[in-house]
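**Student:** With the input below, show me the fold.
(chains A, B, C and D)
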2 protein chains.
Amino acid sequence: MTEAPALDRGARSRDAILDTAGDLMSRHGYAATSISMISAACGLPVSSIYWHFRSKDGIYVAVLERARTALLAALPPAEVPGADVAQRLDTFLTEVEDAFRRHPRGVKLLLGLGMVQQDASAAAAAEVHQYRDALLAWARDSVSSVFALCDRPEVADELARFTLRMASGTAVARWFDPDAVLETGPLRVALLALATHHGVPVGGVPGEDAPSGPVTTGE
Amino acid sequence: MTEAPALDRGARSRDAILDTAGDLMSRHGYAATSISMISAACGLPVSSIYWHFRSKDGIYVAVLERARTALLAALPPAEVPGADVAQRLDTFLTEVEDAFRRHPRGVKLLLGLGMVQQDASAAAAAEVHQYRDALLAWARDSVSSVFALCDRPEVADELARFTLRMASGTAVARWFDPDAVLETGPLRVALLALATHHGVPVGGVPGEDAPSGPVTTGE
DNA sequence: GTCTATACTAGGATAGAC
DNA sequence: GTCTATCCTAGTATAGAC
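**Tutor:** This is a model prediction of the structure:
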């Protein structure tokens, strides 16, 4: 361990800095996280941090890039397996719940930067947009697979947005109440109702396509 | 105007400071908003700001308190008028959409502080919790009125949480895409389906109480 | 209540030895 | 790649005249 090749030391230090910075920034936000805090927490001197990342913004961009990669890698393939809609939907919701529960840091970094986006550097803003776009695309592909919506892209879009907003809202709820989880039960009912409302066959459902009288969707 | 009673000048300055501080803090967050920024933006010297509010934290607490009061005052009474569920639901959703669209600053301050809650002073944390609890209580009372749920408090709770999470998620979506609005159409369908799923009569609906096969709510 | 001026600290960033 | 030491700016907060 202590005899690790010198070639690795730089990479290991870099990782340690990113770990620490990611943790602190996701907890306190970018502005409230100082280089000296990071230095004190990870044990490396300030100048080493500047040697690895040219600036505080450079640290931020690297932290975001890493969080994005980790979260996206943790997302299961958008081709949801399962014989029928109900089965695929359960699989999908379980996966979403898992990903958001196991990567709170990435989600918080995304939300944190999103919130003060106008202050961010171009590089950081680009990073966070890539993050967000990838999530949205994944959600769209997944619901499209779950409900077999390849010929109804607008419906897939609506369902994906709905799901992601519920997930974001849950992330918000969670920093007020750490025990809050994505409530897949109600979300399941809601997604099925929305699909049915748009005339998408979901199996095992009566001919009715709306749970009440005339409904305007505003589209 | 220039001859306004001296008694008013203090109050007017105080208001101007709060306006400016609220705007800057909701845009940049607490940590990234400096006293000198506020001073430059509102025209009053730093020391006047400190005279009105003893510290930066004091400004924050006052800003939050004011945003909370304004948002809660803008919320319509929880006794939603309307002859049937569909009518009351439409009224309620319109009101929610309105409140969140017209008070983006208050929502953003709430979310911003919620996110870095652990750094906040006890006073600021108390303020934000009062904010959040009041919103939740209002939503619970409102859906209870819409769906006549006085004897089903758990259902009212679930629907209220669902609505607020969707609203929070939309607030998040909005700072990535300023044009995003609370999509009341899908939310309407979802709430009706959830109520039906719990056996709540919503009027004009067939006997079916679930849109698909066996459903587990996790409760 | 408002202004000018200032004390004091902490932050971001760099130099240069090792 | 890492360390010590340092520069400079900007931040919070206060003193005291008006």
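**Student:** Buried ones in stretch A:148-155, by neighbour count?
**Tutor:** Residues A:148, A:149, A:152, A:155 are the ones in stretch A:148-155 that count as buried (16 or more other C-beta atoms under 10 Å in any protein chain shown). Bear in mind the C-beta positions are built from the backbone N, C-alpha and C, glycine included.
**Student:** okay, these in a markdown table with secondary structure and distance to residue B:57 next?
**Tutor:** Converted to a markdown table, these look like this (DSSP: H, G, I helix; E, B strand; the rest coil; distance: C-beta to C-beta, whole Å):
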| residue | secondary structure | distance to residue B:57 |
| --- | --- | --- |
| A:148 | coil | 54 |
| A:149 | coil | 50 |
| A:152 | coil | 51 |
| A:155 | helix | 48 |
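**Student:** Out of these, which comes closest to chain B?
**Tutor:** Each of the buried residues of stretch A:148-155 was checked against chain B using C-beta to the nearest C-beta; the closest is residue A:155, at 10.5 Å.
**Student:** I'd like the distance between the closest residue in space to that closest one that isn't next to it in sequence and DNA strand D.
**Tutor:** Of all residues beyond its chain neighbours, the one nearest residue A:155 is residue A:198 (4.7 Å), with distances taken as C-beta to C-beta, 6 or more residues apart in numbering or on different chains. Spatial separation of residue A:198 from DNA strand D under the definition C-beta to the nearest atom of the strand, to the nearest Å is 50 Å.
**Student:** And residue A:15, which helix or strand is it part of?
**Tutor:** Counting by DSSP states H and E, the secondary-structure element that holds residue A:15 is helix A:6-28.
**Student:** Off-centre distance for that helix?
**Tutor:** A distance of 21 Å separates the centroid of the chain from that of helix A:6-28, by C-alpha atoms, centre = their mean, to the nearest Å.
**Student:** Can you confirm whether that helix lies near DNA strand D?
**Tutor:** Yes - under the criterion of C-beta under 7 Å from any atom of the strand, DNA strand D is reached by helix A:6-28 at A:7, A:9, A:10, A:11, A:12, A:13.
**Student:** and the fourth one, how many residues sit next to it?
**Tutor:** So that's residue A:11. 11 (other C-beta atoms under 10 Å in any protein chain shown).
**Student:** How about the second one?
**Tutor:** Counted by other C-beta under 10 Å, the residues lying close to residue A:9 total 10.
**Student:** what's the spacing between it and chain B?
**Tutor:** Using C-beta to the nearest C-beta, to the nearest Å, residue A:9 is found at 33 Å from chain B.
**Student:** which element is residue A:127 on?
**Tutor:** For residue A:127, the secondary-structure element it belongs to, assigned by DSSP H and E, is helix A:122-147.
**Student:** residues of that helix that come out buried?
**Tutor:** By 16+ other C-beta under 10 Å, the buried positions in helix A:122-147 come out as A:124-125, A:127-128, A:131-132, A:135-136, A:138-147.
**Student:** Once you drop chain neighbours, what's closest to the residue nearest the centre of chain A?
**Tutor:** Taking C-alpha atoms, centre = their mean, the centroid of chain A lies closest to residue A:107, which sits 5.0 Å from it. Nearest residue to residue A:107 in three dimensions, chain neighbours excluded: residue A:171, at 5.0 Å (C-beta to C-beta, 6+ apart).
**Student:** Am I right that that neighbour is in contact with residue A:108?
**Tutor:** Yes - the pair residue A:171 and residue A:108 qualifies as a contact (C-beta atoms under 8 Å) at a distance of 7.1 Å.
**Student:** before we move on, back to that, tell me which residues in the helix holding residue A:15 are buried?
**Tutor:** When burial is assessed from 16+ other C-beta under 10 Å, helix A:6-28 yields the following buried residues: A:13-14, A:16-18, A:20-28.
**Student:** just the residues you listed now: which is nearest DNA strand D?
**Tutor:** For these, the residue nearest DNA strand D by C-beta to the nearest atom of the strand is residue A:13; the value is 3.3 Å.
**Student:** wait, what's in contact with the closest one?
**Tutor:** Applying C-beta atoms under 8 Å, 6 or more residues apart in numbering or on different chains, we find residue A:13 in contact with A:44, A:48, A:52.
**Student:** Can you tell me which of those is nearest DNA strand C?
**Tutor:** For those, with DNA strand C as the reference and C-beta to the nearest atom of the strand as the criterion, the closest is residue A:48, at 8.7 Å.
**Student:** Now the residue in chain A that DNA strand D sits nearest to. Nearest residue, chain neighbours left out?
**Tutor:** Here the residue of chain A nearest DNA strand D is residue A:10; by C-beta to the nearest atom of the strand that distance is 2.3 Å. Distance criterion C-beta to C-beta, 6+ apart; nearest residue to residue A:10, sequence neighbours excluded, is residue A:52 at 7.6 Å.
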